[in-house]
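Chemist: Kindly return the folded structure for what I paste below:
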Amino acid sequence: MKCHIVVDSADALGESAIAFNRLVDTISHSMKTEMSLRTYTQMLSRHLDMDSLCKNALIMLLEDFEAESGAIFVLKGGELNLVEAKGISDQANLVNNSVLQEVMVDEKERVINFPKDIKLEGVLTTYRPSQLTIQPIKYKQVMLGIVILAKATEFDASKISILNILTNGLGLALHNAITYDQVQKLAALDSLTSFYNRRFGLMRLKEEVMRAIANDGFVGLIMFDIDRFKQINDTYGHPVGDKMLKQIANITRSVVRDGDVLIRYGGDEFLVVLVGASHNDTLEIAEHLRRASSESQLMNQSQAIRATLSIGVVSYPTCTCENETDLIDAADQAMYIAKEGGRNQVISAS
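Modeler: The predicted structure is shown next:
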């Protein structure tokens with residue numbers, strides 16, 4: 001506005017001033033768009049974590065397009081999952097909205113005017129939206145997700161094309177985040193059992209033990225291995241041994257709670273970190289695990305192979321410890337006693 005010329009006549013000079021002011025406005029708009037694109041691109045390049053990426057992307061999109069509500073969905077396992085939302089009161093209904101399903105099928109954007117084309121009462125909060133835009137997120141023509149922006153007034157038509165550009169950039173960033181997440185999981189997980197591998201598992205154990213010590217909380221630790229596992233490998237071969245490891249892993253997964261940490265400690269040794277569990281809770285889960293394993297069998301052609309577990313149990317603060325190494329040592333000693341005492345039993349370190 002500082003560059004505008006005052007229009008104080010209706011002659012040729014006045015018309016020239018008007019034309020000049022329009023040119024200034026066009027240049028200003030172009031510069032703002034370029035700056036917005038640059039800032040947005042820089043933001044996308046800084047975030048590889050999916051949640052952080054979607055949160056920051058939505059904040060910038062809402063700001064740039066002066067929208068009051070919005071959401072970003074990511075396609076996982078063939079279904080849309082809401083990752084980030086603002087101004088949404090009924091997120092479950094929004095996920096199941098028929099228009100989103102249509103966009104999933106035809107992969108085309110929608111700009112919808114209210115109220116005649118669609119009704120979303122109770123979904124967008126505090127105001128009645130005038131217009132809604134739904135943009136598919138793609139990377140190399142592969143559907144990755146959906147962006148929704150809702151506004152109390154109509155979107156500037158020229159900005160919709162800019163939204164397409166921003167969404168394309170989000171598609172590339174989202175692809176990188178998905179790849180990064182997959183690489184992180186591959187680095188953290190044991191390929192056979194899908195438990196945490198030793199390195200990452202011990203890091204998680206350390207976090208939970210330090211949290212329990214700092215907050216006067218509870219944490220239980222179960223250490224177990226498969227009785228006579230070497231004999232199973234020698235008799236039936238390593239492929240059958242691998243199947244047994246997978247079966248024990250699945251049994252363990254079915255016994256523990258959501259949020260507990262499962263670790264393949266090495267070979268046929270496993271650790272289970274029971275977050276917030278008392279000593280009695282830890283003993284109960286360990287006994288459930290032992291019983292479930294002893295009652296199961298692995299079929300190898302016509303042969304039924306059974307495996308039992310020797311289990312050591314320890315918990316904080318029942319067992320005094322300064323760090324996670326102390327807990328592991330105590331559980332290891334208890335497991336050794338279980339083996340020496342006849343196997344297929346649970347021994348408490350205390």
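
Chemist: What sits closest to Ser348 if chain neighbours are left out?
Modeler: If you skip the residues right next to it in sequence, Ser348 has Val313 as its closest partner in space, 4.9 Å away by CB to CB, 6 or more residues apart in numbering. Glycine gets a C-beta too; all of them are placed from N, C-alpha and C.

Chemist: That neighbour belongs to a strand, doesn't it?
Modeler: Yes - following the definition DSSP: H, G, I helix; E, B strand; the rest coil, Val313 is counted among the residues of a strand.

Chemist: In this structure it contacts Ala286, no?
Modeler: Yes - in this structure, Val313 is within contact of Ala286 by CB atoms under 8 Å, at 4.9 Å.

Chemist: Between these two, which contacts overlap?
Modeler: Residues touching both Val313 and Ala286 (CB atoms under 8 Å, 6 or more residues apart in numbering) are 222, 346.

Chemist: These two: who's more crowded?
Modeler: Regarding Val313 and Ala286, a neighbour count based on other CB atoms under 10 Å identifies Val313 as having more, with 30 against 27.

Chemist: Bridged to that one, which residues?
Modeler: Residues found in beta-bridge contact with Val313 (criterion: DSSP bridges) are Ile222, Ser348.

Chemist: Would you check how far apart the closest residue to Asn300 other than its chain neighbours and Ala304 are?
Modeler: Take Asn300 and drop its neighbours on the chain: the residue closest to it by CB to CB, 6+ apart is Val240, 5.3 Å away. The gap separating Val240 from Ala304 is 12 Å, by CB to CB, to the nearest Å.

Chemist: ok, the two, which is more surrounded?
Modeler: Val240 (17 against 10).

Chemist: Hmm, that one is touching Gln301, no?
Modeler: No - taking contacts as CB under 8 Å, Val240 lies outside contact range of Gln301: 9.8 Å.

Chemist: Show me what the lengthiest helix in the chain packs onto, helices and strands only.
Modeler: Using DSSP state H to define each element, the chain has its longest helix at helix 12-46. The contact analysis (3 or more CB pairs under 8 Å, 6 or more residues apart in numbering; DSSP states H and E) places helix 12-46 against helix 50-64, helix 157-188.

Chemist: Now do the contacts for Asn56.
Modeler: For Asn56, the residues meeting the contact criterion (CB under 8 Å, 6+ apart) are 43, 47.

Chemist: where does it sit relative to Glu84, distance-wise?
Modeler: The span separating Asn56 from Glu84 equals 9 Å under the rule CB to CB.

Chemist: Likewise for Glu15?
Modeler: Computed as CB to CB, the Glu15 to Glu84 distance reads 49 Å.

Chemist: One more: Met43?
Modeler: Here Met43 is placed at a distance of 14 Å from Glu84 (CB to CB).

Chemist: do the same with Val103
Modeler: To Glu84, Val103 is 18 Å away according to CB to CB.

Chemist: same question, Leu48
Modeler: When distance is defined by CB to CB, Leu48 is 16 Å away from Glu84.

Chemist: So for the two, which sits in the more crowded spot?
Modeler: A side-by-side neighbour count of Leu48 and Glu84, using other CB under 10 Å, places Glu84 first with 21 against 17.

Chemist: Not counting sequence-adjacent ones, nearest residue to the more buried one?
Modeler: In space, not counting the residues next to it along the chain, Glu84 is nearest to Cys54; the distance is 4.0 Å by CB to CB, 6+ apart.

Chemist: and what of Tyr236?
Modeler: Distances taken as CB to CB, 6+ apart place Asn300 nearest to Tyr236, at 5.8 Å, with adjacent residues excluded.

Chemist: Am I right that Ser254 is in contact with Leu289?
Modeler: No - proximity of Ser254 to Leu289 does not meet the contact threshold set by CB under 8 Å, at 9.3 Å.
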